[in-house]
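>>> This is a predicted model, with the sequence first.
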Amino acid sequence: MVTQEQRKRQLAREKFLRQQQRRTEARRKARLRNSVIASVLGVVVIGSLALYTTGVLKNDDKSDASSKASPSASAPSKAPDPCEKAAKGSVEKMSWKKEPALTIDKSAKYTMKLATTCGEIDIALKASAAPHTVNSFDFLAGKGYFDHTKCHRLTTNGIYVLQCGDPTGSGSGGPGYTIPDENLKDKSLKNNVYPAGTVAMANTGQKHTGGSQFFLVYQDSQLPPSYTPFGTVSSSGMKVLKKIAAAGESTGAGDGAPNATVVIDKATVTKS
């Protein structure tokens, strides 16, 4: 017999997939429209974008009931913003045509530090299990790609993640290239659950469509093993994630921009 909680998770996954499909179609139409404009003006305005949903997982939406909430419903009261003001600076617009050459040492240990407005989040990276992913993050962090970017999405219903890595803050930005899926049989993924502390890649729902967007799981979340797990958040970093989650998200429906001002002031990858 299906329990109410299982049904809730099923609805969340189904709704996320529908939302993801709508976003993918919207981006397809936008690319077509921009292509027409470019031909008229005689200039190339479209670079290759790693298109992957603002919903990190193919299942990270909420139930249908939450999506149909009345627009006249009163907005929920917001918790105080627990974070500081962002450091001075702006996002650099960067794009590359292809994945960077694999230069990391797969036998070495790598750590990524996210110095955010809400506190430092240290992540132990899985270089041997996800070399292409870790290599990409090493490359992008070294270029300052993540610096001054906002973590644009927080989900608090069905799945429990903070999503970051999009310089545009829209959920559709990327580095111009995609990387292959990796480590989908990681021993930490049991019964289609991404455990709290997991850091994994977002994608479009299709294979090998990861770019720069990633999500940090702050509470065990049931998802299909389709999102490359490439790191684990430290205990101190988990406290930061819990603080961000406690402030809630902007829509009141369980999926929206975080109420906390979550900005990555600086991302650094270190080899040890």
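Received it, and whenever you're ready, just let me know what you need.
>>> Going by C-alpha atoms from here, please, whenever you check contacts or count neighbours.
Fine.
>>> just the strands in the stretch 101-250 of the chain please.
110-116, 119-125, 149-150, 153-157, 159-164, 193-194, 198-201, 214-217, 221-222, 229-233 (DSSP state E, counting those that start in this stretch).
>>> got the ones you listed as TSV, with mean pLDDT, mean neighbour count and distance to residue 80 columns?
Shown next, in TSV, are those (pLDDT from 0 to 100; neighbours: other C-alpha atoms under 10 Å; distance: least, C-alpha to C-alpha, whole Å):
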stretch	mean pLDDT	mean neighbour count	distance to residue 80
strand 110-116	98	21	17
strand 119-125	98	22	16
strand 149-150	98	26	18
strand 153-157	97	24	16
strand 159-164	98	27	18
strand 193-194	98	20	29
strand 198-201	98	26	26
strand 214-217	98	26	22
strand 221-222	98	22	26
strand 229-233	98	25	24
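>>> For residue 91, which of those strands is the nearest?
strand 149-150 (6.1 Å; C-alpha to C-alpha).
>>> what pairs with residue 267 across the strands?
Residue 267 forms beta bridges with residue 114, as assigned by DSSP bridges.
>>> pretty sure it is touching residue 113, no?
Yes - taking C-alpha atoms under 8 Å as the definition, residue 267 is a contact partner of residue 113 at 5.7 Å.
>>> residues in contact with stretch 123-137?
Residues outside stretch 123-137 that contact it (C-alpha atoms under 8 Å, 6 or more residues apart in numbering): 99-100, 102-113, 179-180, 182-183, 199, 212, 228-234, 237, 269.
>>> show me the contacts for the nearest residue in space to residue 241 that is not next to it in sequence.
Nearest-residue entry for residue 241: residue 218, 6.0 Å, with adjacent residues in sequence omitted and distances by C-alpha to C-alpha, 6 or more residues apart in numbering. Applying C-alpha under 8 Å, 6+ apart to residue 218 gives the contacts 160, 161, 162, 196, 197, 198, 238, 241, 242, 245.
>>> Now compare those residues and name the two farthest from each other.
Every pair of the contacts of residue 218 checked by C-alpha to C-alpha; the farthest is 198 and 245, at 15.2 Å.
>>> mind putting the strands of the stretch 101-250 of the chain in CSV, distance to residue 256 included?
Shown next, in CSV, are the strands of the stretch 101-250 of the chain (distance: least, C-alpha to C-alpha, whole Å):
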stretch, distance to residue 256
strand 110-116, 19
strand 119-125, 21
strand 149-150, 13
strand 153-157, 5
strand 159-164, 10
strand 193-194, 20
strand 198-201, 18
strand 214-217, 14
strand 221-222, 17
strand 229-233, 22
